[in-house]
Each structure stands twice: as structure tokens, then as C-alpha cells.
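[1] Attaching a predicted model along with its sequence, questions to come.
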Amino acid sequence: MSGHGSPIPMTSRRAGPLKGVASVPGDKSISHRAVILGALSVGETCVTGLLEGEDVLGTAQAMRAFGAEVERLGEGEWRIHGVGVGGFAEPEDVIDCGNAGTGVRLIIGAMATSPITATFTGDASLRSRPMARITDPIALFGATAHGRSGGRLPMTIVGAADPVPVRYATPMPSAQVKSAVLLAGLNAPGQTVVIEKEATRDHTERMLAGFGAEITVADTDEGRVITLTGQPELKPQSIAVPRDPSSAAFPVCAALITEGSDVLVPNIGLNPTRAGLFDTLRQMGADLAYENPREEGGEPVADLRARFSPDMKGIRVPPDRAASMIDEYPVLSVVAAFATGKTEMVGVKELRVKESDRIDAMARGLEANGVTIEEGEDFFFVHGMGPGGMPGGGTAAARLDHRIAMSFMVAGLAAREPVSIDDGAPIATSFPGFEPLMAGLGARIERANR
């Protein structure tokens, strides 16, 4: 079983060029944070462009369980009446976060410094993922965690009755860990400080400042030092969520490898802590242009135009770029299979603890479709076969992972033979309109049970 209901086998086939406009969903990272900070503000926050995938809907339901009023007004339009920092009520039931690693970690951080108890669970994929990276720092505030061996869900968090501020250096580049600590610091007196050696996506810092929190960011010899003054009164906001660069990656990469394609993907967030994939693709020789660059809601935005790029070359992706594109390595490995030469992805061990072991998942799936790969604990190399060079004809295991599923559906559009996955159901967690959007561009992606 998929953990999302009955499995949905899917197959992607070579078709004509992809043409048109691809309006991808709202940014998942920003959507999670908008709902949580809206629930922690005093008054009514209005959000437009919210991603209505299963992950974010789960976060909205969790905020209701903690006492906030969260109401859908129309497509992508939501109203959140917050309870204020420290105002969370104790949930009456277990909080089920489905497949949402970002959601559960941010929510645990947000409630860890309130004197309440909450129990969290998720689907089979989420229950296999490590939570110690969150429970270790929240323990410094005074919270306690009781979970399964290995620090895994289901897990009960007992929030700190008398929280203390902390100074915490993140042991790995992780926006989830940083954000969980900052959200916990909101209800701790004094200043909470987070130090990260490598900069990760900074949506939390930007949004906290937008909601009126006192927060500073400084680059020092220690690294990037973020200082948050606790116990503010967050002011409700009107937030326009830009479209998700991680979702944009799929139509963009599909266009780059499918002969004759020309696709425009409008209103994409290009926060420099998220744009690593697009920098990498251009370095490989992709015909990828930024049109109409602008700023919306404090975030840089542009329209992306992607055209078929038969002259892409394999490169060594700098390891310091990993944090800005960690979710995009699966689809990058597909593009790499259609480039000329070897693409080396290094410093990517974080991929092994995402929704699935993404290095192993992509390696096995690419091998099943005729691609030669090399892998280690912290690296992944793909030997490119040139435009249209992937043989295809194989089936990949999606492993309850939406990005693995979508990556192989992109591969099938340019492979010589169809590419299949065992289960496309997890795609709904982040990109519920993936199939009709791709079909509208001319893609042939079919469900086996239709």
C-alpha cells in the first residue's frame, strides 16, 4: 500500500514537444510557514496562492487542533485567525502529519515552548524519518520527547512549562531544524540564537520579520548567525505565496530534455537559497531564461522560460550548492541522464533521509531504465547518454516519495521506451495538479488503472 490509499501505477511515454504555460502550485515551504505564523499572530492573516496539497492541508488541520481558526475562502485563498505566541491549546487528538516532514518538524518547534502535550504521527514514510534532529534542540528549551526507538514517530512532545532561550549551532544544513528552533524561540524569553555553517532557505527569517518579530541575521566567522528576540506580539499579515520552484523544476526539466519544447513557468520564487537547481541547469548549458524579474511579498520572483537544450554537458555540482537545491537532485539526475558526460553530485548525504533514501531510489530506478550510475554515502554520479539517449522501458519504485514519482514521469517523456512507476499517489502531497498540467503541455502520462 502507498500510505495514500491504493497504489496508482503510472507510465510516461515519449510524445511531441511540450508547449505552453505551466502554472505550478504555490510554494510549499512558504505555505507551511504562512499557516503556522498566521496561527501564532494576534488577529486575522489572509493568504493567497496557498499550496493546497496534502502536506499543507495537514498543517492547516494541525493549527485548528491547536486552537487557531483556519478557513478556506476560495482556491488558494485562506483566512487564519491566530491565537498569539504562547496561545496554543492542547490538542484533543493525535496530530497526523501524513507525509509532511517540513510540517511535523515546524509544528513541533512551534508548540515545544508552550506548556501543552501533543502526539504526532504520519504515514509509513514519515514514521521512518529521523526526528532527533528536532527533539535534541527543543530539549534545550525544556521540552521532552517520547517516541519510538531511533527518535521516530509516533511521538509525544511535552512542551516546556518554563522555557529558556538557547544558542544552537545546527549540526547539518537544514532549514527545517533552523526553523523549528526559531519557532520554539518565539515563546522563550530573551534571545534565541541559531548558527548555521551553510546558509539554508531563509523563508522563516523573512516571514518572521514580516510578522513583526525582532530578528537579525549576520554573517560571521562562526557562520550565519540568526538572533530572535522572544515573546513578540506577531502582527497578522496579507501574504501572496509565490509559486514553488521545487514544483517548477518538473515542467522546466521536462522541457529541457524533450525535443522541440518551449515552456513558460510564471511567477516562480527565486529566493537565492532555493535557486540552486536553475543555476546548475544553466551551468550545464540549459536554455533557461528569467523573464520579468520582480519582488513580491519580500521574495524575488520571475517567469522562467525553458526550451529544449540538446547541448547540455555533465558538470560537478558544487557541494556548497546542496542546501539550495536539496529537493531537486532527483529531477536533476534525470536531466543528467540526457546530458553528455558525467554529472557529479557531491555533499548530498541529506538525500538519504528525505521522504525516501533518494540516492538509492534514483539509482535503482535509473539503472532499471538503462542508465549507468555510481553512488556512495555522500555522492551520486550519473553517466549521461545524450539527448534521447535513455533506453527506458523499466519500472521505478516511487517509495512513497512524490519527487521520485514525478522525476521518473519526466524521464519517460524523452526516453526511447516508456518509463513506469509503481505508485503515483504520493504526488498529491505537493503537486495535486501535476497530471493535468503536464497533459496541457502535451505530455503523455497515464494511470495504469484507468
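    Cool, got the structure. Quick caveat: nothing in here was measured; it's all calculated off a predicted structure.
[2] mind listing the helices for the stretch 251-400 of the chain?
    Applying DSSP state H, counting those that start in this stretch to the stretch 251-400 of the chain gives helices spanning 276-284, 329-337, 358-368.
[3] how long is stretch 302-316 from one end to the other?
    One end of stretch 302-316 to the other measures 26 Å (Cα to Cα, to the nearest Å).
[4] list the buried ones in that stretch?
    For stretch 302-316, burial by neighbour count (16 or more other Cβ atoms under 10 Å) applies to Ala302, Asp303, Leu304, Arg305, Ala306, Arg307, Phe308, Ser309, Met312, Gly314, Ile315. C-beta: built from backbone N, CA, C; applies to glycine.
[5] Over to stretch 433-447?
    Residues of stretch 433-447 classed as buried: Gly433, Phe434, Glu435, Leu437, Met438, Gly440, Leu441, Gly442, Ala443, Arg444, Ile445, Glu446 (neighbour count, 16+ other Cβ under 10 Å).
[6] Stretch 321-341 too?
    For stretch 321-341, the neighbour count (16+ other Cβ under 10 Å) marks 321-340 as buried.
[7] just for the stretch 201-350 of the chain, where's the confidence low?
    For the stretch 201-350 of the chain, applying pLDDT under 70 flags the ranges 297.
[8] Can you show me the helices along the stretch 1-150 of the chain?
    Listed in chain order (using DSSP H, counting those that start in this stretch), the helices of the stretch 1-150 of the chain are 28-39, 54-65, 101-111, 124-127, 132-141.
[9] Lowest average pLDDT across the ones you listed?
    Across these, helix 124-127 has the smallest mean pLDDT, namely a mean of 91.
[10] what does the domain assignment say about the chain?
    Here the domain parsing of the chain from automatic domain parsing is 10-26+242-447, 28-237.
[11] ok now the first one, how far from the chain's centre?
    Right, domain 10-26+242-447. Centroid separation between domain 10-26+242-447 and its chain, computed with Cα atoms, centre = their mean, to the nearest Å, is 14 Å.
[12] Compute the first-to-last residue distance for that domain.
    According to Cα to Cα, domain 10-26+242-447 extends 4 Å from its N-terminal end residue to its C-terminal end residue.
[13] Same question for stretch 322-336.
    Taking Cα to Cα as the measure, stretch 322-336 stretches 16 Å from start to finish.
[14] ok, now stretch 180-193?
    Using Cα to Cα, the end-to-end distance of stretch 180-193 comes out at 12 Å.
[15] quick one on the thing from earlier: distance to Asp422 for the helices of the stretch 251-400 of the chain - can I get that in TSV?
    Compiled in TSV, these are given as follows (distance: least, Cβ to Cβ, whole Å):
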stretch	distance to Asp422
helix 276-284	26
helix 329-337	16
helix 358-368	10
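[16] right, and these - which one's nearest Leu153?
    The closest approach between Leu153 and any of these, judged by Cβ to Cβ, belongs to helix 358-368 at 19.5 Å.
[17] outside of that closest one, which residues touch it?
    329-330, 333-334, 337, 348, 351-352, 373, 375, 380, 382, 394-399, 401, 403-404, 407-408, 411, 421 (Cβ atoms under 8 Å, 6 or more residues apart in numbering).
[18] Run a quick neighbour tally on Asp202.
    A total of 20 residues lie near Asp202 under the criterion other Cβ atoms under 10 Å.
[19] Looks to me like Ile195 is in a helix.
    No. Counting by DSSP: H, G, I helix; E, B strand; the rest coil, Ile195 is not found in a helix; it is strand.
[20] What does the pLDDT read for it?
    Predicted confidence (pLDDT) for Ile195: 98.
[21] One more: Ala428?
    The predicted local confidence for Ala428 is 89.
[22] Just confirm it is within a strand.
    No. When classified by three-state DSSP, Ala428 is found to be helix rather than part of a strand.
[23] Skip the chain neighbours and tell me the closest residue to it.
    Once flanking residues are discounted, Ala428 sits nearest to Glu54: 5.4 Å by Cβ to Cβ, 6 or more residues apart in numbering.
[24] cool, Pro115 as well?
    If you skip the residues right next to it in sequence, Pro115 has Ala161 as its closest partner in space, 4.2 Å away by Cβ to Cβ, 6+ apart.
[25] From Gly67, how far off is the one you found?
    Ala161 sits 18 Å away from Gly67, taking Cβ to Cβ, to the nearest Å as the criterion.
[26] Then Pro300?
    Per Cβ to Cβ, Pro300 is found 35 Å from Gly67.
[27] Then Ser125?
    Using Cβ to Cβ, one gets 28 Å for the distance from Ser125 to Gly67.
[28] okay, those two: which has more neighbours?
    Between Ser125 and Gly67, counting by other Cβ under 10 Å, Ser125 is the more crowded of the two (22 against 17).
[29] Sticking with the residue in the chain sticking out farthest from the centre, tell me its helix or strand.
    Within the chain, Asp162 marks the point farthest from the mean C-alpha position, 32.5 Å out by Cα atoms, centre = their mean. Taking DSSP states H and E as the criterion, Asp162 maps to no regular element, lying outside all helices and strands.
[30] Disregarding flanking residues, what is the spatial nearest neighbour of it?
    Nearest in space to Asp162, with sequence neighbours left out and distances taken as Cβ to Cβ, 6+ apart, is Gly142 at 6.4 Å.
[31] Thank you, goodbye.
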